[in-house]
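1. Structure, please.
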Amino acid sequence: METGPQAVLLWHALRECGVQVDCIHARRAAAALKLQANKTDRNDAYGLARLVLSGWYEPVSIKSFDRYRIRAVLTARERIVRMCTTMINQIRGLAKTFGLILSAGKGQVFEQSVRRALPDDVILRDLFERLLLVLSGLKDQRRAFDRQLACFARQDQTCRLVSSAPGVGSLAAIAFVTAVDDPTRFWASGDVGAYLGLTPKRYQSGEVDIGGRISKTGDRLTRKLLFEAATVILYRASPAIALKQWGLRLSARCGSWKARVALGHVDGFYQDERRCNGNERGE
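-> All right, here's what the predicted structure looks like:
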């Protein structure tokens, strides 16, 4: 079957019933089904059957329900953060409409600057107060998610091991652990970077050989948090860390952005090696 919103539930349910089912990535299946002139359910089923018979597919790894539950909390927390940013931008935009220029800042500083700039107009004051109340509620929910995720990171042995890597906090550790799930499904640590979209794309045809930007495939949130961890290593970590020295040399040669992507790539390798070694030692 193809990946989809209910693929996880169906895969686990069928496996519990003893049915050995494989899940095919919908993007690869769509590429094969495009050769058909007419798209119908019958033609799609026939195309998937031919795809399976040819063996030109790789089964998608379906994670355990426990990982998906924690992943859902992490995803909800990320959505709340985006909603907070959207609300702040909305308040700033509305304030400019009425000639209110808010000072730079966030958190309590932002709320105080909004209240200091409130006009005497009753309607506008009530409008901004309600928006600030919504923003405050979103921040409360984000803090609740943060406490829940921090508790999980403390209780999970693998997350504690991953968090011991330089620059990696509880959020990055949870994102990495839930994205990788079973490290034994990778042949080598270098495959993790490609799985998370941190390796450059390549186009080669005859005499043409172009190395492009990173593929950005795989989990976007994990890639983002690894990038943030690399930023911490590069600019905040102790100078004694070898990864930081390597990243600074790379930054001087090819720029800060590429250095942070490379550091996130290497940091992912480092975490996976520690996790695999820890499992082998029974830690």
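
2. so where's the chain uncertain?
-> Where the chain drops to pLDDT under 70, the residues are 267-283.

3. hmm, try it at 50
-> Low-confidence segments of the chain (pLDDT under 50): 273, 276, 279-283.

4. Strands along that one, start to end?
-> For the chain, the strands defined by DSSP state E occupy 200-205, 208-214.

5. The last one packs against which elements?
-> The helices and strands touching strand 208-214, judged by 3 or more Cβ pairs under 8 Å, 6 or more residues apart in numbering; DSSP states H and E, are strand 200-205. All C-beta atoms are positioned from the backbone trio N, CA, C, and that covers glycine.

6. re the thing from before, can I get the strands of the chain in a markdown table including mean neighbour count and distance to Pro166?
-> Formatted as a markdown table, the strands of the chain follow (neighbours: other Cβ atoms under 10 Å; distance: least, Cβ to Cβ, whole Å):
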| stretch | mean neighbour count | distance to Pro166 |
| --- | --- | --- |
| strand 200-205 | 10 | 24 |
| strand 208-214 | 10 | 22 |
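
7. And the ones you listed: which comes nearest Ser113?
-> strand 208-214 (37.8 Å; Cβ to Cβ).

8. Can I get that closest one as PDB, trimmed to CA atoms?
-> Output of strand 208-214 as PDB, limited to C-alpha atoms (Å, rounded to 0.1, in the frame of the first residue of the first chain):
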ATOM      1  CA  VAL A 208      27.700  17.500 -17.000                       C
ATOM      2  CA  ASP A 209      28.300  17.000 -13.300                       C
ATOM      3  CA  ILE A 210      26.500  19.500 -11.000                       C
ATOM      4  CA  GLY A 211      26.500  19.400  -7.200                       C
ATOM      5  CA  GLY A 212      23.500  21.300  -5.900                       C
ATOM      6  CA  ARG A 213      22.100  22.300  -2.600                       C
ATOM      7  CA  ILE A 214      21.000  19.900   0.100                       C
END
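
9. Next, count neighbours for Leu263.
-> 28 (other Cβ atoms under 10 Å).

10. Now for the closest residue in space to Asp121 that isn't next to it in sequence: which residues touch it?
-> Sequence neighbours aside, Phe98 is the residue nearest to Asp121 in space, at 8.0 Å (criterion: Cβ to Cβ, 6 or more residues apart in numbering). Residues near Phe98 by Cβ atoms under 8 Å, 6 or more residues apart in numbering: Pro119, Asp121, Leu124.

11. With Ser103 instead?
-> Val109, Ser113.

12. And for Ala32?
-> Residues near Ala32 by Cβ under 8 Å, 6+ apart: Gly47, Arg50, Leu51, Trp56.

13. Quick check: buried residues in stretch 55-62?
-> Burial within stretch 55-62, assessed by neighbour count using 16 or more other Cβ atoms under 10 Å, is assigned to Tyr57, Val60, Ile62.
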